[in-house]
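**Q** no sequence for this one, just the structure:
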Ligand SMILES: [Zn+2]
């Protein structure tokens, strides 16, 4: 296993739509190794998720997991989820505001509106088709990671850049503030 270098905002790979993985390749050594390395990299940097193009591989693979995470102290836990070739469909028109950060946009946080519930269809690391409904924070992380695979970062989704905050200021002024409209 290896900790991979994470591309930061400005690297073209973050703006490049990722290619689907051939189903026959999911079980291959190089894809399985990449998934293991992505999980290790996500853990090392306390990410809630990581998309393959963030580690310079433009393939449609993302990993998601939230345990006790110091970067997201208020977030509910999400089990380790490996997402390959995802298709995300909103299940509601309702958008929820929530804070996001990104390992490719270090030390920043911003409020991003996301669909409150989505269906995720994808393949897991065994190549098995998965269809699940995700709500709230899990739905948010799925939208954030699948956006990466389409060359989109959370800053593109922000409707009010005035919430964009350095983490040190965020800890002082925003931690615990969930609603922006009240
Ligand atoms: Zn990100």
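**A** On my side now, so go ahead. All of these numbers come straight from a predicted model, not from anything done at the bench.
**Q** hmm, residue 40 is touching residue 33, no?
**A** No: Residue 40 is not in contact with residue 33 according to CB atoms under 8 Å; the separation is 10.6 Å. Bear in mind the C-beta positions are built from the backbone N, C-alpha and C, glycine included.
**Q** more crowded one of the two?
**A** residue 40 (16 against 12; other CB atoms under 10 Å).
**Q** what's the neighbour count on the nearest residue to the more buried one once chain neighbours are set aside?
**A** In space, and not counting its chain neighbours, residue 40 is closest to residue 1: 4.7 Å by CB to CB, 6 or more residues apart in numbering. By other CB under 10 Å, 9 other residues sit near residue 1.
**Q** next, the closest residue to residue 65 other than its chain neighbours: phi, psi?
**A** Closest residue to residue 65 apart from its sequence neighbours, by CB to CB, 6+ apart: residue 80 at 4.3 Å. For residue 80, the backbone dihedrals are phi -60, psi 120 (criterion: degrees, to the nearest 10).
**Q** just give the number of residues close to residue 80.
**A** Residue 80 has 13 nearby residues by other CB under 10 Å.
**Q** show me the helices in this structure, by range?
**A** 29-44, 136-149, 154-157, 167-173 (DSSP state H).
**Q** do you know how far the closest residue to residue 96 other than its chain neighbours is from residue 138?
**A** The shortest distance from residue 96 to any residue other than its chain neighbours is 4.7 Å, reached at residue 116 (CB to CB, 6+ apart). Distance from residue 116 to residue 138, counting by CB to CB, to the nearest Å: 11 Å.
**Q** these two: which is more packed in?
**A** The residue with more neighbours, out of residue 116 and residue 138, is residue 138; 23 against 18, by other CB under 10 Å.
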